[in-house]
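Q: the amino acid sequence is not available; the structure is as follows:
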DNA sequence: GTGGTCTAGACCACG
DNA sequence: GTGGTCTAGACCACT
């Protein structure tokens, strides 16, 4: 869980936030469950606590968790609502990409082919 | 053409390079056509010449243009090959997104719906 | 190490990149090792940090190193793979030169002689 | 003859000079033969006369041709001596490359293989 | 005129 | 502290 890839272009705090969100989506942390403390996570991942803190702040701003001073961080929404929000984002990105592909002259049949065929021919 | 968005997260030199690549793909600049000079573009866009230079260097490393000292920058590949490369990239990203959507429980029918329906219902 | 020759026709950033690649090839920097920081190298070599930065960017585009914002630059490939790539380049250049020599009338015996004899007679 | 490749990294004046030297080596221009005039060559190649002039200056500094004010440019040395000088240069470069290959751990057998085998295995 | 390199100094994002 | 981007201004090589 929570694999950090230093070669990834994304900043570490973003990878941590995405990893935790994943755990929430997949039900590892249920609604109202308490997350590990900042210090604990920092120690486990050998990461600067500031970075973990920033990941939590990002998740809080997205409404995935909420923090209570002196007590810790807790999952605010249940997995399904988070999942729905993510799916909506993905749908948005998909449509943007398809729009770009059309602008380059690809037709819908070809696009569907790229997506759903196992072995894809170079377009 | 060549709209620079300073609020865009992407650096300016990348936006400029992408913009020029777009013009090549859409045939505004044919193969072997000469591009505007570094200084001219810099003046038009009110951008430092060094930044334009960097955009050109990026395009040259991608094989889209080639530069001749004392003469200028020229389109090296014809639009179609560049377009094919871009479509391949888009196909890759599409498949990654679809894979993510499936991991979140979406079925192919729903995904197809998001992509090809005009008005999309929140998933 | 990392000798910069200002009379060399090659630009400084290229010399720096080649020098670092050399160190990687010869095992001075192992895979995943951290390189000196941009500012530190700049100070040591009395070179502008921007120039060092450019050398690092070149090495990253070649896949020799990878950089993490806020942490530093790290060797990505192990020395052997980089060495193999360099040897392939050298083989290419060798063949080109031999081809040119043959076109000028030199036979293989003479060419072998130039290469492997310690003291070479003017051809 | 005298093919100019604008995509070549070498400056044009250098390509022109190399091309003329080639013609001398291969006997197209014998010793004391008169070369085409600067203006004529510039017109034929659609190149700035200044560039041709510079190519001639380069050849003169190498001793390949000599120029007589008001009369034109003439081949100074015979093809063989020019060829010998070029071969000596090539031998130098060959030895430098072989030295580099050895420093990277290649043995002489492998190097000979790269050079003289038709189909070369990746080193 | 063209592209290419380098310096100096500033600012931002990340850890 | 780290890397990354941008500006300003200078200098060089080439056409």
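A: Looks like it arrived, so ask away. Small disclaimer: the values here were computed from a predicted structure and weren't measured.
Q: tell me how many other residues surround residue A:68.
A: When neighbours are defined as other C-beta atoms under 10 Å in any protein chain shown, residue A:68 has 9 of them. Where you see a C-beta, it was placed from the backbone N, CA and C, and this is true even at glycine.
Q: show me the contacts for it.
A: Counting by C-beta atoms under 8 Å, 6 or more residues apart in numbering or on different chains, residue A:68 touches residue A:74.
Q: separation between it and chain C?
A: 29 Å (C-beta to the nearest C-beta, to the nearest Å).
Q: need the phi and psi values for that residue.
A: Dihedral pair for residue A:68: phi -120, psi 120, per degrees, to the nearest 10.
Q: excluding chain neighbours, what is closest to residue A:66?
A: residue A:76 (4.5 Å; C-beta to C-beta, 6 or more residues apart in numbering or on different chains).
Q: what does residue A:72 give?
A: In space, residue A:72 is closest to residue A:34, 5.3 Å off (C-beta to C-beta, 6+ apart).
Q: and the pLDDT at the one you found?
A: According to the prediction, residue A:34 has pLDDT 95.
Q: ramachandran angles for it?
A: When read as degrees, to the nearest 10, the backbone of residue A:34 gives phi -90, psi 140.
Q: what about it, neighbour count?
A: 13.
Q: list the contacts of whichever strand or helix holds residue A:16.
A: Assigned by DSSP states H and E, residue A:16 falls within helix A:12-25. With C-beta under 8 Å, 6+ apart as the contact definition, helix A:12-25 has outside contacts at A:1-6, A:8, A:10, A:29, A:35, A:41, A:45, A:47, A:51-52, A:54-56, A:58-59, A:62, A:64-65, A:75, A:77, A:79, A:82-83, A:86, B:104.
Q: buried among those residues? Make that a ChimeraX selection.
A: Of those, the buried ones go into a single ChimeraX selection, burial set by 16 or more other C-beta atoms under 10 Å in any protein chain shown:
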select /A:2,29,35,41,45,47,51,52,54,55,56,58,59,64,65,75,77,79,82,83,86 /B:104
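Q: which ones among the contacts of helix A:12-25 lie within strands?
A: If you go by DSSP state E, the contacts of helix A:12-25 have A:65, A:75 in strands.
Q: just the contacts of helix A:12-25: which are in helices?
A: Members of those lying in helices (criterion: DSSP state H): A:41, A:45, A:51-52, A:54-56, A:58-59, A:79, A:82-83, A:86.
Q: among those, which are within reach of chain D?
A: For chain D, no contacts are drawn from the ones in helices among the contacts of helix A:12-25 by C-beta under 8 Å from any C-beta of the partner chain.
Q: can you redo those as CSV with distance to chain B?
A: Shown next, in CSV, are the ones in helices among the contacts of helix A:12-25 (distance: C-beta to the nearest C-beta, whole Å):
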residue, distance to chain B
A:41, 23
A:45, 23
A:51, 20
A:52, 23
A:54, 17
A:55, 19
A:56, 22
A:58, 15
A:59, 17
A:79, 10
A:82, 10
A:83, 5
A:86, 6
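Q: quick one: which of the residues you listed is nearest to DNA strand F?
A: residue A:51 (10.2 Å; C-beta to the nearest atom of the strand).
Q: check contacts around the closest one.
A: When contacts are counted by C-beta under 8 Å, 6+ apart, residue A:51 touches A:12, A:13, A:16, A:42.
Q: let me know the closest of the ones in helices among the contacts of helix A:12-25 to chain C.
A: For the ones in helices among the contacts of helix A:12-25, the minimum distance to chain C (C-beta to the nearest C-beta) is 9.0 Å, reached by residue A:51.
Q: okay, the closest residue to DNA strand E within chain A and residue A:23: tell me how far apart.
A: For chain A, the residue closest to DNA strand E is residue A:12, as judged by C-beta to the nearest atom of the strand, at 3.1 Å. Shown here: residue A:12 relative to residue A:23, a distance of 17 Å by C-beta to C-beta, to the nearest Å.
Q: look at those two and report which has more neighbours.
A: residue A:12 (22 against 16).
Q: can you tell me how far the nearest residue to residue A:33 once chain neighbours are set aside is from chain B?
A: Using C-beta to C-beta, 6+ apart and skipping the chain neighbours, the partner closest in space to residue A:33 is residue A:75 (5.0 Å). Note on residue A:75: its distance to chain B, by C-beta to the nearest C-beta, is 17 Å.
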